[in-house]
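A.B. asks: Make a model of this:
(one chain, ligands or ions: 1)
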Amino acid sequence: MSGLQEEEQAIVELVAKFVEEEVRPVVQELEHTDTYPEALIEQMKAMGIFGLAIPRPYGEVGVSTACYAKVTEELARGWMSLAGAFGGHTVVSKLILQHGRQEQRERYLPRMATGELRATMALTEPGGGSDLQAMRTVARRDGDDYVVNGSKMWITNAERSQLTALLCRTDPHADPPHKGISILLVGKDPGFTVSRRLPKLGFKGVETCELVFEDFRAPADALLGAVEGKGFAQMMQGLEIGRVQVASRAVGVARAALDDALRYAQEREAFGKPIWKHQSIGNYLADMATKLKASQLLVRHAAERYDAGERSDMEAGMAKLFASEAAMEIALDAMRIHGGYGYSTEFDVERYFRDAPLMIIGEGTNEIQRNVIARQLVSRGGLDA
Ligand SMILES: Cc1cc2nc3c(=O)[nH]c(=O)nc-3n(C[C@H](O)[C@H](O)[C@H](O)COP(=O)(O)OP(=O)(O)OC[C@H]3O[C@@H](n4cnc5c(N)ncnc54)[C@H](O)[C@@H]3O)c2cc1C
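C.D. replies: Predicted coordinates:
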């Protein structure tokens, strides 16, 4: 039924158990004190979660993308922040796997698979995240080094990751501009400062920061791959898995919201009957479940296409667009069903309502997803061409 291999199903069940037994009892406290979930992250490392998208010989597990998506969904069902803590890490591992030199794969991937080395990606700048070709961070070649100057905005896990995939201009005069963009794999050496933590509506516990690069020197071999100027295309491909991950996070939040609402609607009574028997509430539940199921199927479709090695930006974009908009609506309807208690910080529903909007923004806004989908529809000659 799940379409996963038996061992993959066992991994998903293990993560679901972890969520029930370890995450749910502490999530309220961690969320409302905005505390980094150190112990839970350590458990996730021990469970091999940081390596799920890293195949052998570099990783030990290496599951299908459908399984990876299911694990992400389970974690987000417990607390979206936990799933968000390894989204960028996965994108960077795929970038290195698909575009890195052999020496880079061997240097980074085994330690990334265990979570000993955590990675993040730095694309967005204070001046904008959607128009990446307009970025201003420049890496100028100086002897055997690059000298980097610029700043990045909204970088998740910036404090706790030791490896950053930095999107920057290695040729500021390139025409078109994307041909002058490269990715550097950098550590936190002098000149690289995490300058500030950014306050957020949701996605609590995990830091999202501003980065500043001031005459930061990175060795020439920090370049991802063999040649400069490929970074934009590399990152666009990397974002395919990133968008599947964000869509799965949305599905997890939506599932939690539906589960809570379904339970509450059977327990709570008004006018002498459980509220789900009032047609308006029943209709909400029916619509929530239908949107959730459609989201899960779109994620599955994108994951299968990704694993088939086919271009999947349209499929990942559709999954991310639909699942994140659905999660917003489902979280709001769960709040309606809970009445006044939906607005209480003693219930989880208000957290879903604060976490859901991130998925309409992260990994490319939904306006940008629509641009991607429309462009692909035209260039592929239709939906099923
Ligand atoms: C909590 C959080 C964590 C994040 N983590 C990371 C991270 O780890 N790494 C990272 O690099 N980034 C990260 N981001 C940044 C995120 O990817 C960007 O916020 C997003 O890409 C949008 O960029 P922007 O905020 O600069 O908005 P802008 O690009 O300024 O867009 C503003 C508005 O204009 C719209 N718009 C812009 N261009 C177009 C267009 N061509 N067509 C239609 N509409 C358009 C946008 O959709 C949006 O509605 C994170 C953001 C948040 C909030």
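A.B. asks: Please make it C-alpha for all contacts and neighbour counts, starting now.
C.D. replies: Fine.
A.B. asks: Show me what counts as buried in the lengthiest helix in the chain.
C.D. replies: Secondary structure of the chain per DSSP state H: the longest helix is helix 231-267. Residues of helix 231-267 classed as buried: 231-232, 234-235, 237-262, 264-265 (neighbour count, 16 or more other Cα atoms under 10 Å).
A.B. asks: For the next helix or strand after that helix, the averaged confidence score.
C.D. replies: Counting by DSSP states H and E, the next helix or strand C-terminal to helix 231-267 is strand 269-270. Averaged across strand 269-270, the pLDDT comes to 98.
A.B. asks: Get me the contact residues on the stretch 101-250 of the chain for the ligand.
C.D. replies: Neighbours of the ligand within the stretch 101-250 of the chain, by Cα under 6 Å from any ligand atom: Met121, Ala122, Leu123, Thr124, Gly128, Gly129, Ser130, Asp131, Trp154, Ile155, Thr156, Thr208.
A.B. asks: Farthest pair within these?
C.D. replies: Asp131 and Thr208 (20.1 Å; Cα to Cα).
A.B. asks: Which of these two has more residues huddled nearby?
C.D. replies: Thr208 (21 against 12; other Cα atoms under 10 Å).
A.B. asks: Name the nearest residue to the more buried one, ignoring sequence neighbours.
C.D. replies: Thr156 (4.1 Å; Cα to Cα, 6 or more residues apart in numbering).
A.B. asks: so what's the one you found scoring on pLDDT?
C.D. replies: 98.
A.B. asks: sorry, back to before: tabulate the residues of the stretch 101-250 of the chain next to the ligand in TSV, adding columns for secondary structure and distance to Val23.
C.D. replies: Shown next, in TSV, are these (DSSP: H, G, I helix; E, B strand; the rest coil; distance: Cα to Cα, whole Å):
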residue	secondary structure	distance to Val23
Met121	strand	26
Ala122	strand	28
Leu123	coil	30
Thr124	coil	30
Gly128	strand	35
Gly129	coil	32
Ser130	coil	34
Asp131	coil	37
Trp154	strand	25
Ile155	strand	24
Thr156	strand	21
Thr208	strand	21
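A.B. asks: Look up the closest residue to Pro110, ignoring the ones flanking it.
C.D. replies: Here the residue nearest Pro110, using Cα to Cα, 6+ apart, is Tyr58, at 4.7 Å.
A.B. asks: Can you pull the phi and psi angles for the one you found?
C.D. replies: For Tyr58, the backbone dihedrals are phi -80, psi -40 (criterion: degrees, to the nearest 10).
A.B. asks: For it, which residues are in contact?
C.D. replies: Listed by Cα atoms under 8 Å, 6 or more residues apart in numbering, the contact set of Tyr58 reads Arg105, Glu106, Leu109, Pro110, Ala113.
A.B. asks: hang on, the earlier thing: would you agree the residue nearest to Thr208 is in contact with Gly205?
C.D. replies: No. When contacts are counted by Cα atoms under 8 Å, Thr156 is not listed as touching Gly205 (10.9 Å).
A.B. asks: neighbour-wise, which of the two wins?
C.D. replies: Each of Thr156 and Gly205 has its neighbours counted (other Cα under 10 Å); Thr156 has more, 26 against 19.
A.B. asks: Could you list which residues are in contact with the more buried one?
C.D. replies: Residues in contact with Thr156 (Cα under 8 Å, 6+ apart) are Ala85, Gly88, Thr120, Met121, Val206, Glu207, Thr208, Cys209.
A.B. asks: what do you get if the cut-off is 10 Å, keeping everything else the same?
C.D. replies: 84-89, 119-122, 197-198, 203, 206-210 (Cα atoms under 10 Å, 6 or more residues apart in numbering).
A.B. asks: Equivalent analysis for Glu329, please.
C.D. replies: Glu329 touches Ala254, Asp287, Met288, Lys291, Ala323, Met335, Phe353, Ala356, Pro357, counting by Cα under 10 Å, 6+ apart.
A.B. asks: quick one: which of those is nearest to the ligand?
C.D. replies: Nearest to the ligand out of those is Pro357 (Cα to the nearest ligand atom; 8.9 Å).
A.B. asks: May I have the phi/psi pair for the closest one?
C.D. replies: phi -60, psi -30.
A.B. asks: ok, it touching Gly202?
C.D. replies: Yes. Using Cα atoms under 10 Å, Pro357 is in contact with Gly202, at 8.6 Å.
A.B. asks: For the helix or strand hosting Gly282, buried residues please.
C.D. replies: Remark: Gly282 resides in helix 279-307, with elements defined by DSSP H and E. Neighbour counts using 16+ other Cα under 10 Å place 281-282, 284-285, 287-289, 291-292, 294-296, 298-306 of helix 279-307 among the buried residues.
A.B. asks: do stretch 345-365 as well
C.D. replies: Buried positions in stretch 345-365, judged by neighbour count with 16+ other Cα under 10 Å: 348-365.
A.B. asks: Just the ones of the residues you listed in helices?
C.D. replies: Counting by DSSP H, these contribute Val349, Glu350, Arg351, Tyr352, Phe353, Arg354, Asp355, Leu358, Met359, Ile360, Ile361 to helices.
A.B. asks: who's in contact with the nearest residue to Ile373 once chain neighbours are set aside?
C.D. replies: Among residues not flanking Ile373 along the chain, Met314 sits closest, at 4.9 Å (Cα to Cα, 6+ apart). Applying Cα under 10 Å, 6+ apart, we find Met314 in contact with 240, 302, 320, 369-377, 383.
A.B. asks: show me what contacts the nearest residue to Gly48 once chain neighbours are set aside?
C.D. replies: In space, and not counting its chain neighbours, Gly48 is closest to Thr114: 6.1 Å by Cα to Cα, 6+ apart. By Cα under 10 Å, 6+ apart, the residues touching Thr114 are 44-52, 54, 58-60.
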